[in-house]
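S.K.: Return atomic coordinates for the entry below.
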Amino acid sequence: MSVILLLIPLSIVMALLFLGGFIWAVRSGQYEDTCTPSMRVLTEDAPPVGAVEPISPNHPYKEEQR
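M.R.: Numbering: from 1, shown residues only. Take a look at the predicted model:
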């Protein structure tokens, strides 16, 4: 029984901490744009800087095979 008297106030304090963290996150703009990050996965990334594109078989400067 004495454990319950310790756990109930402790759980209330933890719940208030989580509620305070959630309110802080909402006020600081953490949840403003919820659509763009999920759509960003579907778009192609830009090629890395300095990346060389592969030469296609019909490329005019393709070296002839010997």
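S.K.: from here on, contacts and neighbour counts on C-alpha atoms
M.R.: Noted.
S.K.: what mean pLDDT does the longest helix anywhere in the chain have?
M.R.: Across the chain, the longest stretch assigned as helix under DSSP state H is helix 2-27. Helix 2-27 shows a mean pLDDT of 96.
S.K.: what's downstream of that helix, the next helix or strand?
M.R.: helix 36-40 (DSSP states H and E).
S.K.: okay, that next one in CSV with CA atoms only?
M.R.: The C-alpha trace of helix 36-40 is given here as CSV (Å, rounded to 0.1, in the frame of the first residue of the first chain):
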residue,chain,number,x,y,z
THR,A,36,6.3,17.6,-46.6
PRO,A,37,8.7,15.2,-44.9
SER,A,38,6.6,12.2,-45.9
MET,A,39,6.4,13.4,-49.5
ARG,A,40,10.1,14.1,-49.7
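S.K.: Leu16: neighbour count?
M.R.: Other residues lying near Leu16 total 12 when counted by other Cα atoms under 10 Å.
S.K.: what residue is smack in the middle of this structure?
M.R.: The structure's the chain has its C-alpha centroid closest to Pro37; by Cα atoms, centre = their mean the separation is 6.7 Å.
S.K.: tell me how far the longest helix of the chain is from the chain's mean position?
M.R.: The chain centre lies 27 Å from the centre of helix 2-27; the measure is Cα atoms, centre = their mean, to the nearest Å.
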